[in-house]
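Engineer: here are the coordinates; sequence isn't available:
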């Protein structure tokens, strides 16, 4: 399948990951890190967005609504991603009954001591990394965010911070230049984290608009120091 984007070790495919997965060499993938549709039928179309969406002419417009998350209306099947050597699946508390036991869950504290609201205080990821459960803290409640995304419009309704995905990659203890797969890559956050840490990455995304947003984000990245030298 022809890549939508391919540069500096990062590749994006626009399509359904279930169709593209058989074409990938599983043995070459060192880590699956992804935030898949949880199967909860989240109605993101009702959330007014200030994030830019790509127009056919390459510019940006500000839509009134997010796209619905593809695949979120049906139960998520994690089985295809459990055969890889290392896997991190976000939102796994929503489909934990379809996962094997693991002591190595990740908990992301999104409140950092602030008062709870109608949103979740934390998010959880199942991992096959081994070792004890780990806690990551970064404030992330609506437009109140700590990190480089602070003050910026979200590019995806369930977007996660680059720092979180970078931290996850560090937990996997990969060798430099490892290959990371994100089969539900959305706006490309995992790909950016992989690129900055000097790894290769493959992202698969069914929405062409999000593929373009991810590609544009990657084009704005500065070449890692290791590669630049």
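Structural biologist: Everything's here; your move. On a predicted model such as this, the values are computed, not experimentally measured, just so you know.
Engineer: May I ask which helix or strand encompasses residue 124?
Structural biologist: strand 122-127 (DSSP states H and E).
Engineer: For that strand, buried residues please.
Structural biologist: Counting neighbours by 16 or more other C-beta atoms under 10 Å, one finds that the buried residues in strand 122-127 are 123, 124, 125, 126, 127. Where you see a C-beta, it was placed from the backbone N, CA and C, and this is true even at glycine.
Engineer: ok, so of those, who is nearest residue 179?
Structural biologist: For these, the closest approach to residue 179 (C-beta to C-beta) belongs to residue 127, at 17.5 Å.
Engineer: Past the helix or strand of the chain with the lowest mean pLDDT, which element shows up next along the chain?
Structural biologist: Every helix and strand of the chain was ranked by mean pLDDT, DSSP states H and E. The lowest is strand 60-61, at a mean of 42. Scanning the chain past strand 60-61 towards its C-terminal end, the next helix or strand to appear is strand 87-90 (assignment: DSSP H and E).
Engineer: Give me the contact list for that next one.
Structural biologist: For strand 87-90, contacts defined as C-beta atoms under 8 Å, 6 or more residues apart in numbering pick out 31-36, 78, 81, 99, 106, 123-129, 160, 168, 171-172.
Engineer: got the contact list for the following helix or strand past that strand?
Structural biologist: Downstream of strand 87-90, the next assigned helix or strand under DSSP H and E is strand 106-109. Outside strand 106-109, the residues that touch it by C-beta under 8 Å, 6+ apart are 88, 121-125, 127, 133-138, 140, 164, 168, 171.
Engineer: Partner strands of strand 106-109, with direction?
Structural biologist: Here the strand partners of strand 106-109, with direction, are listed using DSSP bridges: strand 122-127 (antiparallel), strand 134-137 (parallel).
Engineer: which SS state does the residue nearest to residue 91 when sequence neighbours are not counted fall under?
Structural biologist: Nearest in space to residue 91, with sequence neighbours left out and distances taken as C-beta to C-beta, 6 or more residues apart in numbering, is residue 38 at 4.2 Å. Each residue gets one of three states, and residue 38 gets coil by DSSP: H, G, I helix; E, B strand; the rest coil.
Engineer: Isn't residue 38 up against residue 95?
Structural biologist: Yes - under the criterion of C-beta atoms under 8 Å, residue 38 makes contact with residue 95 at 6.6 Å.
Engineer: between these two, what contacts are shared?
Structural biologist: Contact criterion C-beta under 8 Å, 6+ apart; residues shared by residue 38 and residue 95: residue 76.
Engineer: okay if I get the strands paired with strand 106-109 as a markdown table plus mean pLDDT and distance to residue 9?
Structural biologist: Written out in a markdown table, the entries for these read as follows (pLDDT from 0 to 100; distance: least, C-beta to C-beta, whole Å):
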| stretch | mean pLDDT | distance to residue 9 |
| --- | --- | --- |
| strand 122-127 | 97 | 24 |
| strand 134-137 | 98 | 25 |
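Engineer: Which among the ones you listed is found nearest to residue 190?
Structural biologist: strand 122-127 (12.1 Å).
Engineer: Please enumerate residues in contact with the strand holding residue 124?
Structural biologist: Residues from elsewhere that reach strand 122-127, judged by C-beta under 8 Å, 6+ apart: 78, 86-93, 96, 99, 102, 104-111, 168, 171.
Engineer: next one: the helix ranked longest in the chain to chain centre, how far?
Structural biologist: For the chain, the helix reaching the highest residue count under DSSP state H is reported as helix 208-219. The chain centroid and the centroid of helix 208-219 are separated by 13 Å, computed with C-alpha atoms, centre = their mean, to the nearest Å.
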